[in-house]
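> Provide a 3D model corresponding to the input given below.
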Amino acid sequence: MTDACIFCRIANAELSAHKIFEDDLVLAFLDLHPIREGHTLIIPKQHYPWFEDLPDRTAARVMTLGQKLARAMKCEWGVERVSFFYTGIHVPHAHAHIVPMFHRHDVTSARYIEDGVEEFSLPSSPGGKALSQTADRIRTQLAAEE
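Prediction:
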């Protein structure tokens with residue numbers, strides 16, 4: 001863990017998050033600035049700056065959880081596709097994005113296109129209440145799979 005890393009602080013429960021799933025290796029929680037409702041991040045609980053730094057067991061757990069989340073999101077939102085990707089643009093702590101795709105360009109941010117490469121700004125946050133409700137919906141679908 002690093003004191004300055006926001007994801008380490010979330011994994012250590014120093015900062016709150018709308019948690020979806022947690023085990024000994026990984027933590028999944030809602031993105032505060034979602035591309036679409038349900039946009040979830042999966043992080044290793046240990047600090048690894050980039051996804052290629054992940055031990056095989058942790059990387060496999062991230063992928064397996066991503067697949068479970070994708071199935072839950074497809075069921076909850078009735079979407080055909082769920083995106084899974086790593087970016088690491090804003091936080092140097094390995095993290096995967098799981099995004100239900102309502103439109104084929106959902107993972108191409110309209111803000112990116114509008115603002116241009118150098119001036120990208122984050123999408124607005126739907127707020128704590130909406131994020132809590134979304135987290136409940138995904139947790140319900142995950143529990144239905146078990």
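> show the subsequent helix or strand relative to the helix-or-strand element of the chain with minimal mean pLDDT.
The helix or strand of the chain with the lowest confidence, counting by mean pLDDT, DSSP states H and E, is helix 110-115 at a mean of 64. Remark: after helix 110-115, the chain's next helix or strand is helix 128-145, criterion DSSP states H and E.
> distance between that next one and the chain's centre?
How far helix 128-145 lies from its chain's middle: 13 Å, per Cα atoms, centre = their mean, to the nearest Å.
> show me what that helix is packed up against.
Secondary-structure packing of helix 128-145 (3 or more Cβ pairs under 8 Å, 6 or more residues apart in numbering; DSSP states H and E): strand 19-22, strand 26-30, helix 56-77. The way it works is simple: take the backbone N, C-alpha and C, and place the C-beta from them, glycine included.
> mind checking those for the one nearest to residue 114?
Nearest of the helices and strands packed on helix 128-145 to residue 114, taken as Cβ to Cβ: strand 26-30 at 23.9 Å.
> helix 56-77 and the closest one, what's the angle between them?
Counting by axes from the mean of the first three to the mean of the last three Cα atoms, to 10 degrees, strand 26-30 lies at 30 degrees to helix 56-77.
> output the contacting helices and strands for strand 26-30.
Short answer (3+ Cβ pairs under 8 Å, 6+ apart): strand 26-30 packs on helix 6-11, strand 19-22, strand 40-44, helix 56-77, helix 128-145.
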